[in-house]
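Novice: model this:
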Amino acid sequence: KISFYYHVGCWLLVIGCWLSVIGCCWYFLYFCAMNYYDLDVWKKCRELTKYIYTYTKNFPKDELFGLTNQMRRSAVSIPSNIAEGIGRQSTKETLHFLHIARGSLYELETQIFLSFDLNFIDDKIQTELLECTLTCKKLLNGTIAYFKKLA
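Specialist: Got it, this is the predicted structure:
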């Protein structure tokens, strides 16, 4: 004869296993199934990269391996690190790559100022690029704040 407490214990074990499975499925659906290309921050940073490539085409040829190359590399780094961060397994890793993306964004912003100082871009282009940079910063900071709440 099996006791009542044995049956209760078995049912609690079964319920616990199902809750564990549901928790794992939720984690997978929420984090692993998240597509970086659906994020507004990634889309806007990608747009910024396109602008940088467009405007640096007009830089002096002797800057091809200088400021032109550095700006393009910084710009490409931003959406690339966002994508890599979203693809990581933990919130801590995701935040690490989002912070790298933010650093690259600040680096690019400085390079935009330098491009203006060197007369490689005019006032109108600088304003357009800095406005896009500001939008990217706001979106990226919001994304970082969101993932910090999950940590």
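Novice: any idea which helix or strand comes after the helix or strand where residue 110 lies?
Specialist: Under the criterion of DSSP states H and E, residue 110 resides in helix 91-117. Using DSSP H and E, the next helix or strand after helix 91-117 towards the C-terminus is helix 123-150.
Novice: is residue 70 in a helix, a strand, or coil?
Specialist: At residue 70 the chain is in helix, as set by DSSP: H, G, I helix; E, B strand; the rest coil.
Novice: so the residue nearest the centre of the chain is in which element?
Specialist: Among the residues of the chain, the one closest to the centroid is residue 82, at 2.4 Å (CA atoms, centre = their mean). Per DSSP H and E: residue 82 is located in helix 67-86.
Novice: list the buried residues in the helix holding residue 110.
Specialist: For helix 91-117, the neighbour count (16 or more other CB atoms under 10 Å) marks 91, 94-95, 97-98, 100-102, 104-105, 107-109, 111-112, 115-116 as buried. For glycine as for every other residue, the C-beta is placed from the backbone atoms N, C-alpha and C.
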